[in-house]
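*Asks:* I need the structure of the sequence given here:
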Amino acid sequence: SGKTFVDGSDREQILDLLISTFEDIVQTNIELERKKDELSAAKARLEQYAKLLEGKVRSSQDMYRETESRFHQAEQRLVDSEQAYRETFEDAPVAMCWLSQTGNYLRINRAFEEVLGYSLHELAQLTTADTIHPNSREEGLRFLDDLLSNRLATATMELQRIHKDGRAIWTLINAKMLRD
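*Replies:* Purely as a prediction, here's the structure:
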């Protein structure tokens with residue numbers, strides 16, 4: 001009733017077609033399995049590479065954190081050192097000042113203010129030559145010039161200075177020229 005019969009030659013063609021199709025499917029499956037293995041191997045290499053990179057990223061992050069920590073520690077030590085220096089300079093029992101290369105006062109400590117009677121603000125309007133007593137001016141200017149011109153690296157001398165109230169005072173100067 002609805003059955004179709006195939007004669008022998010058609011049967012061989014159909015069988016050959018089925019066998020050929022089956023062989024193609026088997027070959028395709030073999031190729032797919034090989035590709036699957038290649039992809040699995042590539043995936044494994046990528047995962048290893050990702051782990052390696054992750055380790056390097058972690059290592060880099062750790063190095064960055066450690067460097068940043070060391071930087072902050074060094075920065076804090078510098079701040080502490082500057083504070084200690086500032087306090088040592090300000091509270092020193094001997095008069096100290098910093099002069100520019102033109103002889104202008106840049107910084108003085110409390111003892112210096114007490115010795116000459118001037119504040120830094122007042123001394124900023126003067127040069128060191130302005131505070132040298134006339135009796136010592138020639139010797140004092142030569143001393144200052146020798147320091148500023150590098151003929152002397154360090155020097156000591158007694159020098160009469162002028163106090164803010166006008167009186168002459170004797171001072172012992174120990175000087176060292178610092179260069180940038």
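*Asks:* Tell me if I am right that residue 48 is in a strand.
*Replies:* No. The assignment for residue 48, made by DSSP: H, G, I helix; E, B strand; the rest coil, is helix rather than a strand.
*Asks:* What is the burial count for it?
*Replies:* Using other Cβ atoms under 10 Å as the criterion, residue 48 is surrounded by 10 other residues. No exception for glycine: its C-beta is placed from N, CA and C like everyone else's.
*Asks:* for residue 89, same thing?
*Replies:* By other Cβ under 10 Å, 16 other residues sit near residue 89.
*Asks:* Does residue 171 touch residue 95 like I think?
*Replies:* Yes. Counting by Cβ atoms under 8 Å, residue 95 is a contact partner of residue 171 at 7.4 Å.
*Asks:* tell me, what's touching the two both at once?
*Replies:* The contact sets of residue 171 and residue 95 overlap at residue 115 (Cβ atoms under 8 Å, 6 or more residues apart in numbering).
*Asks:* how much space between the residue most central in space within the chain and residue 82?
*Replies:* With distances taken as Cα atoms, centre = their mean, the chain has residue 71 as the residue nearest its mean C-alpha position (6.8 Å). The gap separating residue 71 from residue 82 is 16 Å, by Cβ to Cβ, to the nearest Å.
*Asks:* before we move on, what about residue 96?
*Replies:* Distance from residue 96 to residue 82, by Cβ to Cβ: 16 Å.
*Asks:* out of the two, which sits in the more crowded spot?
*Replies:* Remark: of residue 96 and residue 82, residue 96 carries more neighbours, 16 against 10, as counted by other Cβ under 10 Å.
*Asks:* Which pLDDT value goes with that one?
*Replies:* Here, the pLDDT recorded for residue 96 equals 88.
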